[in-house]
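> From the sequence below, what's the structure:
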Amino acid sequence: MTGTRGWYAVDRIEGDRVVLIGDDDPRPVELPAASLPFPLREAMVLAVPLDAHGCPQWGRAKRDEAEERRRLDEGKARIERLRLRDPGGDIST
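Below is the predicted model of the structure:
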């Protein structure tokens, strides 16, 4: 797996801990914020190199602003599509 990377989004920051959600694993990853090489904020997307065993190398993570924008745009488009399908008004059963 050398040369591959994992994608993680910053879900939340709790004091000196950060909770990340990986694209390939639904289980949250919690670790000290200091184990990453730069200050974090919620919704950041990180490209994290993986070692030969597939373990994330947190100290070599890089922020990917283009991927952040792509995901944000995709989310906005999804909300707009849902909004267009919503007839509005009260829910009736």
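> Okay, now the sheet partners of whichever strand in the chain runs longest, with direction.
Ranked by residue count and defined by DSSP state E, the top strand of the chain is strand 5-14. In its sheet, strand 5-14 lies beside strand 17-22 (antiparallel), strand 45-49 (antiparallel), with partners assigned from DSSP bridges.
> per-residue pLDDT, Arg83?
According to the predicted model, the pLDDT of Arg83 comes to 89.
> SS state for it?
Judged by DSSP: H, G, I helix; E, B strand; the rest coil, the three-state class of Arg83 is helix.
> Quick one: neighbours of it, just the number.
Arg83 is flanked by 9 other residues according to other CB atoms under 10 Å. In short, each C-beta sits where N, CA and C put it, glycine included.
> What values do phi and psi take at Ser35?
phi -80, psi -10 (degrees, to the nearest 10).
> Is it correct that Leu46 is in contact with Val18?
No. The pair Leu46 and Val18 fails to qualify as a contact (CB atoms under 8 Å) at a distance of 9.8 Å.
> who touches both of these two?
Both Leu46 and Val18 are contacted by Val10, Leu36, under the criterion CB atoms under 8 Å, 6 or more residues apart in numbering.
> and the gap between the closest residue to Pro56 other than its chain neighbours and Asp73?
In space, not counting the residues next to it along the chain, Pro56 is nearest to Val48; the distance is 4.6 Å by CB to CB, 6 or more residues apart in numbering. Noted for Val48: a distance of 22 Å to Asp73, by CB to CB, to the nearest Å.
> out of these two, which sits in the busier spot?
Neighbour tally, Val48 and Asp73, criterion other CB under 10 Å: the higher count belongs to Val48, 22 against 10.
> Report the contact partners of that one.
Counting by CB under 8 Å, 6+ apart, Val48 has contacts Arg5, Gly6, Trp7, Tyr8, Pro56, Gln57, Trp58, Arg60, Ala61, Lys62.
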